[in-house]
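Participant: Turn this into a structure:
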Amino acid sequence: MLERQTIFITGGASGIGLAIARAALEEGWCAVVSDRDQRQLDRSREALAAFGESARFERLDVTDEEGVRRAIEACELSFGPLTGLVNSAGIGEDVPFLETSTALMRRMLEVNLVGTFIVGREAARRMRDGAGGSIVNIASISGIRGNSGRAAYGAAKGGVLTLTKVMAVELAPVHIRVNALAPGPVETPLVRAMHSEESRARWTRMVPQRRYAAPEELAGAAVFLLDGARSSFVTGQTLAVDGGLTAAGMLA
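Facilitator: Predicted coordinates:
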């Protein structure tokens, strides 16, 4: 791996993406924080101001192929060869299956799955022509388990998990590792919008650690997977960062 890593992060202006950006910068790496929400992007610029020119900020819609290409090209012009990608951009809604519209299903797939594919493909093309690298796709335990209300969201995140495996297998010969994180309940703006007080209580009862994660707890796992010195033989894996939720059966 190169001594100075360059990490591109989608959905990096808040929540898990912002926590990963901060952790990457604390490692001494360079980070491009991208997000489609300009207001959140401005706030993230203020939050990461202490890291100076090691951080760059890009407004980006992950479904815009040409915009993605330009953003990654600008990243390399600023910091050199791309060595890491975190696909954290995503949307979510809690809607029962019979009430899920076709439009919602298509929108969820377009942002969460197709967006991950577009950015991952462009980043991998760059890494292939450089020294390789690591891609971390942010999925969800809703892509592993049949959580109620998650027909569209769970289908998209389940697709991310399979996409991760295929990418890992095909990209291994060009020295690109691809893994996924599957968060359980995490204290993020997206989760706060999706979870009612009643559902929060249910989620907390289901998690053996009896709490939601802080975004920083996902960031540590992402840094581990991004750093070839720590995880050089790890690829094609899904790491559930969920307080034991996917391991649990009946709880006391």
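Participant: Show me the helices in the chain, by range?
Facilitator: Here the chain has its helices, by DSSP state H, at 15-26, 38-47, 65-79, 102-108, 115-128, 151-171, 189-194, 197-206, 215-226, 228-231.
Participant: Now do the shortest one: which elements does it pack against?
Facilitator: With contacts defined as 3 or more Cβ pairs under 8 Å, 6 or more residues apart in numbering; DSSP states H and E, the packing partners of helix 228-231 are strand 176-183, helix 215-226. C-beta here means a position set from N, CA and C on the backbone, and glycine is covered the same way.
Participant: Please identify the buried residues of the helix or strand of the chain with the lowest mean pLDDT?
Facilitator: Least confident helix or strand, the chain: helix 189-194 with a mean of 80, by mean pLDDT, DSSP states H and E. The neighbour-count check on helix 189-194 (16 or more other Cβ atoms under 10 Å) flags 190-191, 194 as buried.
Participant: Same check on stretch 160-167?
Facilitator: 160-161, 163-165, 167.
Participant: what mean pLDDT does it have?
Facilitator: The average of the pLDDT scores along stretch 160-167 is 98.
Participant: So what touches it?
Facilitator: The contact list for stretch 160-167 (Cβ atoms under 8 Å, 6 or more residues apart in numbering) reads 87, 112-113, 116-117, 120, 124, 135, 137-139, 143-144, 176, 178-180, 182, 236, 238.
Participant: Check stretch 197-211 too.
Facilitator: 94, 184-185, 195, 212, 242-245, 247-248, 251.
Participant: gap between it and the chain center?
Facilitator: The chain centroid and the centroid of stretch 197-211 are separated by 23 Å, computed with Cα atoms, centre = their mean, to the nearest Å.
Participant: start the count at 60, not 1, going forward
Facilitator: I'll keep to 60 as the first residue from here, and by that count the last item is stretch 256-270.
Participant: Quick check: buried residues in that stretch?
Facilitator: Residues of stretch 256-270 classed as buried: 262, 265-266 (neighbour count, 16+ other Cβ under 10 Å).
Participant: Return the member of these nearest to residue 231.
Facilitator: Nearest to residue 231 out of the buried residues of stretch 256-270 is residue 266 (Cβ to Cβ; 33.6 Å).
Participant: And that closest one, how close does it get to residue 305?
Facilitator: 10 Å (Cβ to Cβ, to the nearest Å).
Participant: Quickly list what's touching both of the two.
Facilitator: residue 243.
Participant: In stretch 162-170, which residues are buried?
Facilitator: 163-164, 166-168, 170.
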